[in-house]
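Engineer: Provided below for reference: sequence and predicted model.
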Amino acid sequence: MRVELFDFELPTDRIALRPARPRDAARMLCIAGEAIGDYMVRDLPSLLRAGDVLVFNDTRVIPAQLEGRRGRSVDGPQSGPGPKIGATLHKRAGPREWWAFVRNARRVRVGDAIDFGHGVTASLVEKGDDGALLLSFHGDEPVELLLDRAGSMPLPPYIASKRATDEADAQDYQTMFADQPGAVAAPTAALHFTPALLGALDAAGIARVTLTLHVGAGTFLPVKADDTNDHRMHAEWGRIDPATADRLNTARANGGRIIAVGTTSLRLLESACGEDGLVHPFEGDTAIFITPGYRFKAIDGLMTNFHLPKSTLFMLVSALMGLDTMQAAYAHAIAQGYRFYSYGDSSLLLPQPAK
């Protein structure tokens, strides 16, 4: 499909720079089939039914944004400080190796060292075909400790370009389910949940499970191709354990709906699901790219934030609900003042059952 079909005009003042407080005070647009309704996130228990299962991503965002300077160059000694280098880690490749998107990458060659300050240095090992660079961190300390010293929270570019990261983001950009370190972007649909909302869901008989998908920085990359067939997704690592797969399959067999909280949960569930509609245990990489025409097997609904024009995520929700329906829903959201993107409002997408 032509990528331009997924475009829409979004006023810049609709981009949320801070989350709603409390988190479940965010607005939520419910699209059920072609019907559209305006709600609050705290209304979620009334929009689901007993026996449904919410699937959360328990990945934890790491301080993956690094700023430094090139040190020793393979070209020989240099006078004065080296050029500034910015790195955003996006996928782990080994105990001390991470693939990263690097600003000013043309100034770094294989074998060069980069000094990120605070005693944290890394060498460039390889340049990938997709523009990413493989960095190997020096020393014996776990890389997680090095990032805690030298790294910062990697806010999305549409927020970072408008304000600096601050102490509030350390809490605001983590979900209450965050447990497994490794993401460089938050699974933002779950940012809306609070203990009070979970209590209300429990009382309504709505279950929940967790899986892990370490979200990479590739989620923010624009689609540069003119046709969706020519776009390449970056792989992300995920895991669904056997007990979780069993719970999901049992719930669905008993008539419950599987509602993914976030596109990351949805993509991993669909990656782990067989043609028989059963979710299987999964551990490994997924680069699934969902566009209109895809047949969903694992999920019956999706809770997600509002996405960027011409993004892979807007393509995904259009695959679930229909492009015309989502264009109309987004036009409604814009007209009604909904807040967009990572810190913005939410939507609940419930497609009509297949006939």
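Structural biologist: Everything's here; your move.
Engineer: Output the lowest-mean-pLDDT helix or strand in the chain as CSV - backbone C-alpha positions only.
Structural biologist: Counting by mean pLDDT, DSSP states H and E, the chain has its least confident helix or strand at helix 157-160, which shows a mean of 90. C-alpha atoms of helix 157-160 as CSV (Å, rounded to 0.1, in the frame of the first residue of the first chain):
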residue,chain,number,x,y,z
PRO,A,157,12.2,13.0,19.6
TYR,A,158,8.8,14.8,19.4
ILE,A,159,9.1,15.5,23.1
ALA,A,160,12.9,15.9,23.4
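Engineer: buried residues in that helix?
Structural biologist: In terms of neighbour count (16 or more other C-beta atoms under 10 Å), helix 157-160 has its buried residues at Tyr158, Ile159. Heads up, the C-betas are built off the backbone N, CA and C, glycines and all.
Engineer: Check for me that Trp99 belongs to a helix.
Structural biologist: No: Trp99 is assigned strand when assessed by DSSP: H, G, I helix; E, B strand; the rest coil, not a helix.
Engineer: Verify the stated contact: it with Ala87.
Structural biologist: No: in this structure Trp99 lies outside contact range of Ala87 using C-beta atoms under 8 Å: 10.1 Å.
Engineer: joint contacts of the two?
Structural biologist: Listed as contacting both Trp99 and Ala87 by C-beta atoms under 8 Å, 6 or more residues apart in numbering are Leu133, Leu135.
Engineer: Does Asp324 lie in a helix or a strand, and which?
Structural biologist: Using DSSP states H and E, Asp324 sits in helix 323-335.
Engineer: Which secondary structure elements does that helix sit against?
Structural biologist: In terms of contacts (3 or more C-beta pairs under 8 Å, 6 or more residues apart in numbering; DSSP states H and E), helix 323-335 is packed against strand 27-32, strand 35-40, helix 312-321.
Engineer: Need the residues that contact it.
Structural biologist: Defining contact as C-beta under 8 Å, 6+ apart, one finds that helix 323-335 is touched by 5-6, 8-11, 14, 29, 31, 34, 36, 292, 306, 314, 317-318, 321, 340, 345, 347.
Engineer: Just the buried ones out of those, please.
Structural biologist: Buried subset of these (neighbour count, 16+ other C-beta under 10 Å): 6, 10, 14, 29, 31, 36, 292, 306, 314, 317-318, 321, 340, 345, 347.
Engineer: Among those, which one sits closest to Ser136?
Structural biologist: Phe314 (35.8 Å; C-beta to C-beta).
Engineer: now the closest one: how far from Arg2?
Structural biologist: From Phe314 over to Arg2 the distance is 14 Å, taken as C-beta to C-beta, to the nearest Å.
Engineer: sorry, back to before: so how far is the helix holding Asp324 from its chain's centroid?
Structural biologist: For helix 323-335, the distance from its own C-alpha centre to the chain's C-alpha centre is 22 Å (C-alpha atoms, centre = their mean, to the nearest Å).
Engineer: got the angle for it vs helix 312-321?
Structural biologist: Computed by axes from the mean of the first three to the mean of the last three C-alpha atoms, to 10 degrees, the angle separating helix 323-335 from helix 312-321 equals 120 degrees.
Engineer: Leaving out sequence neighbours, find the closest residue to Tyr294.
Structural biologist: Once flanking residues are discounted, Tyr294 sits nearest to Ala319: 4.8 Å by C-beta to C-beta, 6 or more residues apart in numbering.
Engineer: residues contacting that neighbour?
Structural biologist: For Ala319, the contacting residues are Ile290, Thr291, Pro292, Gly293, Tyr294, Phe296, by C-beta under 8 Å, 6+ apart.
Engineer: Okay, it and Ala235: tell me how far apart.
Structural biologist: Per C-beta to C-beta, Ala319 is found 20 Å from Ala235.
Engineer: Leu89 too?
Structural biologist: 14 Å.
Engineer: Also Pro22?
Structural biologist: Distance from Pro22 to Ala235, counting by C-beta to C-beta: 35 Å.
Engineer: So in that sheet, which strands flank the helix or strand following the helix holding Asp324, and in what orientation?
Structural biologist: For helix 323-335, the following helix or strand on the C-terminal side (DSSP H and E) is strand 346-350. In the sheet, strand 346-350 lines up against strand 27-32 (parallel), strand 301-305 (antiparallel) (DSSP bridges).
Engineer: Can you report phi and psi for the closest residue to Leu221 other than its chain neighbours?
Structural biologist: Nearest residue to Leu221 in three dimensions, chain neighbours excluded: His234, at 7.3 Å (C-beta to C-beta, 6+ apart). With angles defined as degrees, to the nearest 10, His234 sits at phi -80, psi 140.
Engineer: His234 against Ile288, yeah?
Structural biologist: No: using C-beta under 8 Å, His234 is not in contact with Ile288; the gap is 11.4 Å.
Engineer: I figured Arg107 hits Pro83, correct?
Structural biologist: Yes: using C-beta under 8 Å, Arg107 makes contact with Pro83 at a distance of 4.3 Å.
Engineer: Which neighbours do those two have in common?
Structural biologist: Counting by C-beta under 8 Å, 6+ apart, the shared contacts of Arg107 and Pro83 are Arg70.
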